[in-house]
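Chemist: predicted model and sequence follow; I will ask about them next.
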Amino acid sequence: MTQLTGQPATDDDVVHLTVPADGGYLGVLRTATAGLAARLQFALDEIEDLRIAVDEACAMLLAIATRDAELECRFAVTDDALTVEVTVPTVRGATLPAESSFAWKVLTALTTSASASSADDRATIALLTRRSGGY
């Protein structure tokens, strides 16, 4: 398995969380994000930026999620980066905001890279954040 970082990851380096697609559960994902970023020794401001980015990505997905959907979150940890992929089943014909939208500007400003994909009535947003500081 190779992550967006191009580095191999083992199953021990991947965390999967599934929560109801409801804003009340986003705190669980924000906390997991912060904990994993802290494990990688991200700076406090990097951790906060990533928490905000995950929250924004989830908000974008919740807006197009089916009723009673579950939000699946996959965290992949490498030596110097954290990749977060959030996926949700979507209502038929739903689309994510355009890459020129404010929401996407936030995601790209707060992460190293952000991308989205959709297929088979499911949408995914992937966020990659590399630790700064040259460790």
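Modeler: In hand now; what should we look at? Numbering: from 1, shown residues only.
Chemist: which residue ranges of the chain form strands?
Modeler: Per DSSP state E, the chain carries strands over the ranges 14-20, 70-77, 81-89, 113-119, 122-130.
Chemist: other SSEs contacting the last one?
Modeler: In other words, strand 122-130. Counting contacts by 3 or more C-beta pairs under 8 Å, 6 or more residues apart in numbering; DSSP states H and E, strand 122-130 packs against helix 44-62, strand 81-89, helix 102-110, strand 113-119. Bear in mind the C-beta positions are built from the backbone N, C-alpha and C, glycine included.
Chemist: how about a cut-off of 7 Å?
Modeler: helix 44-62, strand 81-89, strand 113-119 (3 or more C-beta pairs under 7 Å, 6 or more residues apart in numbering; DSSP states H and E).
Chemist: and these: which comes nearest Ala69?
Modeler: Ala69 sits nearest to strand 81-89 of all those, at 4.9 Å, using C-beta to C-beta.
Chemist: quick one: that closest one to strand 70-77, angle?
Modeler: Angle of strand 81-89 versus strand 70-77, following axes from the mean of the first three to the mean of the last three C-alpha atoms, to 10 degrees, is 160 degrees.
Chemist: off-centre distance for strand 81-89?
Modeler: Mean-position distance between strand 81-89 and its chain equals 4 Å (C-alpha atoms, centre = their mean, to the nearest Å).
Chemist: stretch 16-27 now?
Modeler: Chain-centre distance of stretch 16-27: 12 Å, with C-alpha atoms, centre = their mean.
Chemist: skipping its backbone neighbours, what lies nearest the spatially most central residue of the chain in space?
Modeler: For the chain, Val84 is the residue whose C-alpha lies nearest the centre (C-alpha atoms, centre = their mean; 3.6 Å). Spatial nearest neighbour of Val84, excluding adjacent residues (C-beta to C-beta, 6 or more residues apart in numbering): Leu127 at 4.6 Å.
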